[in-house]
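# no FASTA, just this:
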């Protein structure tokens, strides 16, 4: 089955700096890679996702890159703000509603004002 | 976006009792729903896949007789934690995807914080 590794587990950045979180996956059949932001005690919120037919996707300050050959994908947050502080999870699955997401272990991002 | 509603959001129960958690897809049909468990400061771990009209599929190490899953309709799956013990205290969360759509984004319920005392 799929295995998703995520690094780093914790990340502290100064406000305004960029943050990068990296994930690798094992199943070459996986083709859907979402990123979630989870605040304490709340449900994960989808912030961006990418499918295997593209290499990069951007939404304002957030971007995701995908390298299918190397089986890794990364989240980039630019101009970080204190409200970006949360736990971020990457995930992967085959693009099917019948297939569960496999999550990375999460990255606790702290943005220091 | 699609909405998945989970109830209750918090529950405290005595050791040995059972607790039922409901997961509803409010504006779409879901033949498959997923149940995850999240311990403090850890990731979401898949417990089981709930299939409408058939038996759930459990992940290795998850006791099917302890975590009963029923998916009787296309919009409702329930998870019952039977004979709960303190080690079952966790954050339980369900997810579902809209069937038949190109975008298979997973929508999560609000989660249920279970505390067994």
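All right, it came through fine. Only a predicted model underlies this, so the values are computations on that prediction, with no experimental measurement involved.
# switch to C-alpha atoms for all contacts and neighbour counts from now on
Noted.
# and chain A, which of its residues are near chain B?
A:42-44, A:89, A:95-98, A:100, A:102-106 (Cα under 8 Å from any Cα of the partner chain).
# now list the buried members of those residues.
A:42-44, A:89, A:95-98, A:100, A:102-106 (16 or more other Cα atoms under 10 Å in any protein chain shown).
# give me the neighbour count for the residue lying closest to residue A:40 once chain neighbours are set aside.
Leaving out its chain neighbours, the residue that sits closest to residue A:40 by Cα to Cα, 6 or more residues apart in numbering or on different chains is residue A:86, at 7.6 Å. By other Cα atoms under 10 Å in any protein chain shown, the residues close to residue A:86 number 18.
# before we move on, back to that, so which of the buried ones among the residues of chain A next to chain B belong to strands?
A:89, A:102, A:103 (DSSP state E).
# how close does the residue nearest to residue A:40 sit to residue A:18?
Using Cα to Cα, to the nearest Å, one obtains 15 Å as the distance from residue A:86 to residue A:18.
# which of the ones in strands among the buried ones among the residues of chain A next to chain B lies closest to chain B?
residue A:103 (6.5 Å; Cα to the nearest Cα).
# thought that closest one was touching residue B:44?
Yes: counting by Cα atoms under 8 Å, residue A:103 does reach residue B:44; the two are 6.5 Å apart.
# ok so, going back, correct me if wrong: the residue nearest to residue A:40 contacts residue A:38.
Yes: Residue A:86 is within contact range of residue A:38, at 6.0 Å (criterion: Cα under 8 Å).
# might you list the low-confidence residue ranges for chain B?
Scanning chain B for pLDDT under 70 picks out B:1-2, B:99-104.
# so residue B:87 sits in a strand?
No: per DSSP: H, G, I helix; E, B strand; the rest coil, residue B:87 lies outside any strand segment and is helix.
# which residues does it contact?
Applying Cα atoms under 8 Å, 6 or more residues apart in numbering or on different chains to residue B:87 gives the contacts residue B:116.
# next one: residue B:4
B:23, B:24, B:25, B:26, B:95, B:96, B:107, B:108, B:109, B:110.
# the strands in chain B, which residues?
Under DSSP E, chain B gives strands at B:4-7, B:10-13, B:19-25, B:32-38, B:45-51, B:57-58, B:67-73, B:76-81, B:90-97, B:106-108, B:112-116.
# about what we covered before: just put the ones in strands among the buried ones among the residues of chain A next to chain B in JSON lines and tack on pLDDT.
Listed next are these as JSON lines, based on pLDDT from 0 to 100:
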{"residue": "A:89", "pLDDT": "97"}
{"residue": "A:102", "pLDDT": "94"}
{"residue": "A:103", "pLDDT": "95"}
